[in-house]
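Participant: Here you go, sequence then predicted model.
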Amino acid sequence: MRESLLDVDESFLKETFQSIGEPGYRVTQVLDWIYQKKVATFAEMTNLPIHLRDFLDKHYKIDPLTLLTYQESADGTLKFLFSLGDNEKIESVLIPMNQNLTLCISTQVGCPLDCKFCLTGVMGYTRNLTAGEILGQVLFIQRWLGPKKRISNVVFMGMGEPLANYQNTVKAIRVMLSEKGLNLSNRKITVSTSGIVPGIRKLGREDFIVNLAVSLHAPSNDLRSQLMPINRKYPLEMLLEACREYPLPKRRRITFEYVLLKGVNDRPHHARELAKILKGFRCKINLLPFNEAPELPYERPSDAEVLQFQKILIEQGYSVFIRTSRGRDILAACGQLAVRSSDTGCSGFKLRPISSATASTGFFPSKSMA
Ligand code: SF4
């Protein structure tokens, strides 16, 4: 199987080129074609000699993933289904908001953490994505969008727990930040974690700082351990201490995510407890009314209950946002990503090709599959 060049680093490419008698500047040219010009094939690398293009084509490929299909939600959200080299499937979600395009990417096939309100957790865990497979989602979708639209934010909130695939997540972030890579600003990248404490600490010691979002979902250990088994290993006290020590620059804030499950964690006393444990934090709180799914035993609270929860926190001085669920109709909203194997790659939740029945916002170009 040909290896993707997104999975090899610059020094490996330099050594390879040296071993076949190619000058070092060819490496710079290849990286420029991949990350700046965003070509999909070696044949398009027109300033490389033909024998080198042939060599690359024989031994390597550019994209480590293939687009199988995509769906557009009535609200303009797009869900992409990719197949990987070993036929595993992952999803990425592109969310247009005002002038911004936020891309939510996956880091694992499935997820081992088994959060009780999450469809990806129900799906189970198959394997980690390689750095190239993580990065490839951004590169592919940026190419798909064309030069006139630019992905403005990347959030690691798709399938999987990014800090449980630490090495490849960080490797992919480095290329996203690099001038020779995707040249994204560190303010535009957010890693979201369910609370892997050693991973948060390690991320804080890297030579770059990206935004951190932490899924809390409960204000007490008892309740959080029921909803998120990871809490038994890294309880709230440990998690919040690691968050306090995360070295965000002064003007930036940690985001705490809180999914609201009717009658489970959405009562006024939960809001008051939450306000108490977050005291002193430079943070914002995102409330996510639960997206119901037949496989999951929870219900969405009423709008009035959600507003009441928000009000209690605001009265305690917090910035609190109710996240409107984007892409609910195509199961692209938070906690809804779950790929089942079948011919289309998605049997439990059938992906429909874009059709006239799916209202198009006209925001995205009409494209055929790659
Ligand atoms: S919420 Fe995140 S960490 Fe928990 S099971 Fe789902 S994907 Fe995994």
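Facilitator: Perfect, I can see it now. Only a predicted model underlies this, so the values are computations on that prediction, with no experimental measurement involved.
Participant: burial count for Ser220?
Facilitator: Counted with other Cβ atoms under 10 Å, residues neighbouring Ser220 total 16. Using the backbone N, CA and C atoms, a C-beta is placed for each residue, glycine as well.
Participant: My error: substitute Asp63 in the last question.
Facilitator: Asp63, neighbours per other Cβ under 10 Å, totals 22.
Participant: centre of the chain versus the helix or strand of the chain with the lowest mean pLDDT, how much separation?
Facilitator: Lowest on mean pLDDT, DSSP states H and E among the helices and strands of the chain sits helix 119-123, with a mean of 86. With Cα atoms, centre = their mean, to the nearest Å as the basis, helix 119-123 stands 15 Å off its chain's centre.
Participant: residue ranges for the helices of the stretch 101-250 of the chain, please.
Facilitator: With DSSP state H, counting those that start in this stretch as the criterion, the stretch 101-250 of the chain has helices at 119-123, 131-145, 166-177, 197-204, 221-227, 230-233, 236-245.
Participant: any idea which of these is most buried?
Facilitator: Among those, ranked by average contacts under mean count of other Cβ atoms under 10 Å, first place goes to helix 131-145 (a mean of 24).
Participant: quick one on the thing from earlier: turn the helices of the stretch 101-250 of the chain into a markdown table, columns for distance to Ser302.
Facilitator: A markdown table is the format used below for those (distance: least, Cβ to Cβ, whole Å):
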| stretch | distance to Ser302 |
| --- | --- |
| helix 119-123 | 22 |
| helix 131-145 | 35 |
| helix 166-177 | 37 |
| helix 197-204 | 34 |
| helix 221-227 | 20 |
| helix 230-233 | 27 |
| helix 236-245 | 27 |
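Participant: do you know which of the ones you listed lies nearest Met97?
Facilitator: Among the helices of the stretch 101-250 of the chain, the nearest to Met97 by Cβ to Cβ is helix 131-145 (14.9 Å).
Participant: just checking, what packs against that closest one?
Facilitator: strand 3-4, strand 65-72, strand 78-84, strand 89-97, strand 100-104, helix 166-177 (3 or more Cβ pairs under 8 Å, 6 or more residues apart in numbering; DSSP states H and E).
Participant: Could you rerun that using 6 Å?
Facilitator: helix 166-177 (3 or more Cβ pairs under 6 Å, 6 or more residues apart in numbering; DSSP states H and E).
Participant: Name the residues that touch the helix it packs on?
Facilitator: Helix 166-177 is contacted by residues 107, 130-131, 134-135, 162, 181-182, 184, 186, 199, 208 when judged by Cβ atoms under 6 Å, 6 or more residues apart in numbering.
Participant: what's the answer for stretch 110-122, then?
Facilitator: In contact with stretch 110-122 (Cβ under 6 Å, 6+ apart) are residues 123-126, 159-161, 194, 227-230, 259, 293, 295, 298, 335-338.
Participant: Cheers, nothing more for now.
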